[in-house]
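1. Would you be able to build a 3D model of this:
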Amino acid sequence: MSDAAVKVYVYHGTQRVDLVGNISSLQWMPEWADVGEIKMVCALSDANRRLLQQWATLYNPDTPGIAAVITALTSDVDKGTITVRGRFSLCRFAQRVAKGTRTVTDAAAGVLEICRANLRGLPVTIPDSATFTAPCSETVEWTDCCSVITQLARTGGFGVRVRFDPLTGAERLELLQGKDRSVQGGEWYRGYFGTRLRNLSAVSLAQDASDYANVAICGGEAPTESDSWQQLWIEVGDTAAQGTDRHELWVDGSSVTHRHTVQAADGSTTEAVYSESEYQTALTNYATAALLNHYIEQTLKATAADLVLHYGEDYDLGDRLPVRVPELGLVASAQITSIKLTYEATGRKVIPVFDNIELGGDTT
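-> Next comes the predicted model:
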């Protein structure tokens, strides 16, 4: 593969050093609400050995704004190759422990607060505040900050990345919301993935309702004799559903307690008590999160080609796009949760991965 086919720049610290030479293959796989990873095979040359060092940063201009950190190197003398593995720079937060135990009620604000409190010199800028809210009820215990970020991002339904500035080498944490490109005629609509357009092939759709529920019945903490409040019972979901259309799920919410301990980063603890409205919100979020695990499981597997719709121009990670497969009678939309860019001797391939499928949509 010629160096013109793919360019990967190497940074030592914030300084750009040079391009990797003689790359024979590259897999570049960013994710929406996770870290993502890369694998590169290049020539075992003196120049590459000097460039490719543990913790060096790799930048691929095909994915502006993100970079990867080298985590493993294997040099093979017989093959004359260096195999490089890495993770995108969100992994830097795995270098910091999220001290303490706390209950997070806004996943977006929680990510920023926990990262800011545990930064301890890590050279990543943290925004002052999020541009959106993501209500939740998540307990975060002693773990690394990267695990906290991905846990809260999945719970809150948003994307996360460390934005990389190729001019300065500076990095900044970003929380992202994808664009809804699924409505024809809408502001963000650019087209669709479909077998008739030949940008979708090898399609299979699996649907599993064996564990389905659409209403959660949840009981909160039971009071003791000294408590003045009564046990709270709630229903969440499609509570208007009746007859055979109603599928109930019992959720034990006793672990959501009125009294809870908040542990600060310095290890100190304070006792806090939810008000009744705060407790109802926390219990509702807990029951809703449990119900989300019991919807009809729909798995769409397909190979998408970089035709008609082009990654980085017509869609990006986190965007929702239409999917049409007339052979299955499928009209749906799906979110792009990861991208696999592969560079081989035959050229570049772009393979988006679909998730969070919603049936229905425009058929024209």
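
2. Any regions of the chain where pLDDT drops low?
-> Within the chain, the segments meeting pLDDT under 70 span 1-4, 261-269, 361-364.

3. Show me where this structure has its helices.
-> Counting by DSSP state H, the chain has helices at residues 46-51, 107-117, 145-156, 276-292.

4. Now those in JSON lines, please, with extra columns for mean neighbour count and distance to T83.
-> All C-beta spots, glycine's among them, are computed from the backbone N, C-alpha and C. Formatted as JSON lines, the entries for the helices of the chain read as follows, by neighbours: other C-beta atoms under 10 Å; distance: least, C-beta to C-beta, whole Å:
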{"stretch": "helix 46-51", "mean neighbour count": "15", "distance to T83": "11"}
{"stretch": "helix 107-117", "mean neighbour count": "21", "distance to T83": "31"}
{"stretch": "helix 145-156", "mean neighbour count": "22", "distance to T83": "24"}
{"stretch": "helix 276-292", "mean neighbour count": "18", "distance to T83": "39"}
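
5. got TSV for the ones you listed, with distance to T168 too?
-> TSV is the format used below for these (distance: least, C-beta to C-beta, whole Å):
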stretch	distance to T168
helix 46-51	20
helix 107-117	21
helix 145-156	23
helix 276-292	39
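
6. Please identify which of these is closest to I351.
-> Closest to I351 of those is helix 145-156 (C-beta to C-beta; 21.7 Å).

7. Could you export the closest one as PDB, CA atoms only?
-> Extracted C-alpha coordinates of helix 145-156, given in PDB (Å, rounded to 0.1, in the frame of the first residue of the first chain):
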ATOM      1  CA  CYS A 145     -12.300   7.500  35.200                       C
ATOM      2  CA  CYS A 146     -12.400   6.000  31.700                       C
ATOM      3  CA  SER A 147     -14.800   3.200  33.000                       C
ATOM      4  CA  VAL A 148     -16.900   5.900  34.700                       C
ATOM      5  CA  ILE A 149     -17.100   7.900  31.400                       C
ATOM      6  CA  THR A 150     -18.300   5.000  29.300                       C
ATOM      7  CA  GLN A 151     -20.700   3.700  32.000                       C
ATOM      8  CA  LEU A 152     -22.400   7.100  32.200                       C
ATOM      9  CA  ALA A 153     -22.300   7.700  28.400                       C
ATOM     10  CA  ARG A 154     -24.200   4.500  27.800                       C
ATOM     11  CA  THR A 155     -26.600   5.200  30.500                       C
ATOM     12  CA  GLY A 156     -27.200   8.800  29.400                       C
END
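
8. What is that helix packed up against?
-> Using 3 or more C-beta pairs under 8 Å, 6 or more residues apart in numbering; DSSP states H and E as the contact criterion, the neighbours of helix 145-156 among helices and strands are strand 97-98, helix 107-117, strand 135-140, strand 159-164.

9. K39: which of those is closest?
-> Using C-beta to C-beta as the measure, strand 159-164 is the one of the helices and strands packed on helix 145-156 that comes nearest K39, at 18.9 Å.

10. The closest one - which strands sit beside it in the sheet, and in what orientation?
-> Partners of strand 159-164 in the sheet, by DSSP bridges, are strand 171-176 (antiparallel).

11. I'd like the distance between A241 and L176.
-> 33 Å (C-beta to C-beta, to the nearest Å).

12. Comparing these two, which residue is more hemmed in?
-> Of the pair A241 and L176, L176 is the one with more neighbours under other C-beta atoms under 10 Å, namely 18 against 13.

13. one step back: kindly state which of the helices and strands packed on helix 145-156 is positioned closest to R196.
-> Between R196 and the helices and strands packed on helix 145-156, the shortest separation by C-beta to C-beta is 29.9 Å, and it involves strand 159-164.

14. Need the contact partners of that closest one.
-> For strand 159-164, contacts defined as C-beta atoms under 8 Å, 6 or more residues apart in numbering pick out 30, 32-33, 57, 59, 65-67, 88-90, 92, 111, 124, 149-150, 153, 170-178, 317-318.

15. Distance from it to the middle of the chain?
-> The chain centroid and the centroid of strand 159-164 are separated by 10 Å under C-alpha atoms, centre = their mean, to the nearest Å.

16. And for stretch 199-214?
-> Here the centre of stretch 199-214 is set off from its chain's centre by 21 Å, with C-alpha atoms, centre = their mean.

17. Please enumerate residues in contact with that stretch?
-> Counting by C-beta under 8 Å, 6+ apart, residues outside stretch 199-214 touching it are 193-195, 237-238, 241, 245-249, 291, 294-309, 323, 325, 327-328, 330.

18. Between the helices and strands packed on helix 145-156, which one is closest to Y286.
-> Y286 lies closest, by C-beta to C-beta, to one member of the helices and strands packed on helix 145-156: strand 135-140, at 4.8 Å.

19. got the buried residues for that closest one?
-> By 16 or more other C-beta atoms under 10 Å, the buried positions in strand 135-140 come out as 136-138, 140.

20. Adding distance to Y286, write those residues out as JSON lines.
-> Compiled in JSON lines, the buried residues of strand 135-140 are given as follows (distance: C-beta to C-beta, whole Å):
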{"residue": "C136", "distance to Y286": "9"}
{"residue": "S137", "distance to Y286": "5"}
{"residue": "E138", "distance to Y286": "9"}
{"residue": "V140", "distance to Y286": "14"}
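
21. Which among the helices of the chain is found nearest to D227?
-> The nearest among the helices of the chain, by C-beta to C-beta, is helix 276-292 at 11.8 Å.

22. Now do that closest one: which elements does it pack against?
-> strand 102-106, strand 135-140, strand 215-219, strand 233-237, strand 248-252.

23. Appreciated, that's everything.
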